[in-house]
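Undergrad: next come a sequence and a model predicted from it.
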Amino acid sequence: MTTFQKLGFYATPPHRCNYLPEQDAVTLFADPNFPKNKRLYSALTASGFRRSGSHLYVPHCKGCTACISVRVPVDEFVPARNQMRTWKRNEDLVIVETPALYNQEHFDLYEKYLAMRHADGGMDNPTPDSYMDFLTTEWTETIFFEFRKNEKLVAVAVTDILDDALSAIYTFYDPEYARRSPGKFAILYQIAQASARGFKWLYLGYWIKQCNKMNYKSEYQPQQVYRNNNWHYCYTENEDECSLPG
């Protein structure tokens, strides 16, 4: 006899929003004790969910729809001129795919990135355990892309492999190389990798129009946004000009 389990979801109490501090947020989590695999993860991601560590979550805020899940149809992507310049600027980097295992060099770069780019952002003073718990989990197929200049580690892009897509989980880089726009280059590389692997999408997580730190996600066009339980094309960086249901 086969036993079927029903996936449950749990909402957090209201808490301060990390992106819009003047607002409270509520997060809906998939049952952390429910057994997960790539198939379930892919299905939830295609329904607007996001992974953080071992948790699959979606914003569930009353009266607020600011967090919009976005994905790039990789075979339709057309790089803008500034993105082509970013690509050429980084063509001298050596890129290596590595397993999602603890690496002291990676962790040292992560610490440096947080200290210089996200000080007092709630992620400072990481430990090796908190670092790995944030970026990886045992039920995902996760890879790290290393970006090196003359053997020096410039950036690491943490990427999940789904059934028909890649998901850009997190990128950290050496702030001394900020003029290269390594974060933006990492997305361009992930788009190229998704296409090369025959996948349809690169998921970028949540775009929040009112949050300047999230504005870069709207630059990868065309893209689709998840609204009203479906995906819709959005060809502009301004959500108000997208043909979206209300």
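TA: In hand now; what should we look at? Residues are numbered from 1 along each chain as shown.
Undergrad: where exactly do the helices run in this structure?
TA: Here the chain has its helices, by DSSP state H, at 38-45, 81-89, 104-117, 128-135, 182-196.
Undergrad: pLDDT score assigned to the nearest residue to residue 135 once chain neighbours are set aside?
TA: Spatial nearest neighbour of residue 135, chain neighbours left out: residue 158 (4.9 Å); criterion: CB to CB, 6 or more residues apart in numbering. All C-beta spots, glycine's among them, are computed from the backbone N, C-alpha and C. Looking at residue 158, its pLDDT stands at 98.
Undergrad: count the neighbours of residue 158 for me.
TA: Using other CB atoms under 10 Å, residue 158 has 21 neighbouring residues.
Undergrad: that one against residue 142, yeah?
TA: Yes. At 6.6 Å, residue 158 counts as touching residue 142 under the criterion of CB atoms under 8 Å.
Undergrad: overlap in contacts, those two.
TA: 100, 135-136, 169 (CB atoms under 8 Å, 6 or more residues apart in numbering).
Undergrad: re earlier: how about the helices of the chain in CSV, adding distance to residue 207 and mean pLDDT?
TA: Output for the helices of the chain, formatted as CSV (distance: least, CB to CB, whole Å; pLDDT from 0 to 100):
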stretch, distance to residue 207, mean pLDDT
helix 38-45, 15, 97
helix 81-89, 17, 98
helix 104-117, 19, 94
helix 128-135, 21, 97
helix 182-196, 12, 98
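Undergrad: ranking those helices by burial, who's on top?
TA: helix 182-196 (a mean of 21; mean count of other CB atoms under 10 Å).
Undergrad: got the angle for that helix vs helix 104-117?
TA: Put simply, helix 182-196 runs at 130 degrees to helix 104-117, going by axes from the mean of the first three to the mean of the last three CA atoms, to 10 degrees.
Undergrad: can I get helix 182-196 in CSV, CA atoms only?
TA: Taking C-alpha atoms only, helix 182-196 is exported to CSV below (Å, rounded to 0.1, in the frame of the first residue of the first chain):
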residue,chain,number,x,y,z
PRO,A,182,30.4,40.8,-11.3
GLY,A,183,26.9,40.3,-10.0
LYS,A,184,25.4,41.3,-13.3
PHE,A,185,27.9,39.3,-15.2
ALA,A,186,27.0,36.2,-13.1
ILE,A,187,23.4,36.5,-14.3
LEU,A,188,24.5,36.8,-17.9
TYR,A,189,26.6,33.7,-17.4
GLN,A,190,23.8,31.8,-15.8
ILE,A,191,21.5,32.7,-18.6
ALA,A,192,24.0,31.3,-21.1
GLN,A,193,24.5,28.2,-19.0
ALA,A,194,20.7,27.5,-18.8
SER,A,195,20.5,27.9,-22.6
ALA,A,196,23.5,25.6,-23.2
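Undergrad: packing partners of that helix?
TA: Applying 3 or more CB pairs under 8 Å, 6 or more residues apart in numbering; DSSP states H and E, one finds that helix 182-196 makes contact with helix 81-89, strand 142-149, strand 152-161, strand 165-173, strand 201-208.
Undergrad: rerun that using 6 Å as the cut-off
TA: If you count contacts as 3 or more CB pairs under 6 Å, 6 or more residues apart in numbering; DSSP states H and E, helix 182-196 packs onto helix 81-89, strand 152-161, strand 165-173, strand 201-208.
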